[in-house]
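**Q** Need coordinates for the following:
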Amino acid sequence: MMEGHLLGSYRQLIAHEIDRRKLTITALAKETGYNRRSLKRMITGAQELRARDIIAICAAIGVDRMVATFAIECMGNWQFYYDITLQVTLSLIKPVVNRINESATAAIEPLTNAAQKQLASWIADIVIRNQEQIYDRRDRLTDLPRL
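**A** Prediction:
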């Protein structure tokens, strides 16, 4: 069973997304198959919210569960769901794992804390440089002479 603060965070994210997307409980109930009263009670905390409920509700409102889970359970704050840096970083996980699995010629071993810190810093610097290059190219495009 999930801890109370985690469930509260999922509820907050769900409620925020419902409000942000201007969804009605009636429409959401129809989409999820829950009755209106139960759905409202789950979202407000008056009724138990189970993992399968989170999955169904997130799917119905378009919340990316992986990003939500990472924001809430790893970063400790549901508002990280909207952090583009988190989204970009998570989008790298699958291709990196696939690349390692396809190309590694030796068994992968756990990293030491120092190695993890060094590798994370190196990857972050590459992502930052890439973004700087993107902004630089955009700036040069806007500086083109007008015809």
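
**Q** May I have stretch 131-140 as CSV, with CA atoms only?
**A** What follows is stretch 131-140, C-alpha atoms only, in CSV (Å, rounded to 0.1, in the frame of the first residue of the first chain):
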residue,chain,number,x,y,z
GLN,A,131,20.1,23.2,-25.5
GLU,A,132,22.5,26.2,-25.8
GLN,A,133,23.3,25.2,-29.4
ILE,A,134,19.5,24.9,-30.2
TYR,A,135,19.0,28.4,-28.8
ASP,A,136,22.0,29.7,-30.7
ARG,A,137,20.6,28.3,-34.0
ARG,A,138,17.2,29.8,-33.4
ASP,A,139,18.7,33.2,-32.6
ARG,A,140,20.6,33.1,-35.9
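
**Q** How far away from the center of its chain is that stretch?
**A** Distance of stretch 131-140 from its chain centroid, counting by Cα atoms, centre = their mean, to the nearest Å, is 25 Å.

**Q** What of stretch 139-147?
**A** For stretch 139-147 - counting by Cα atoms, centre = their mean - the centre lies 35 Å from the chain centre.

**Q** just stretch 33-43 next, same as before
**A** Remark: stretch 33-43 is offset 24 Å from the chain centroid, using Cα atoms, centre = their mean.

**Q** Thank you, goodbye.
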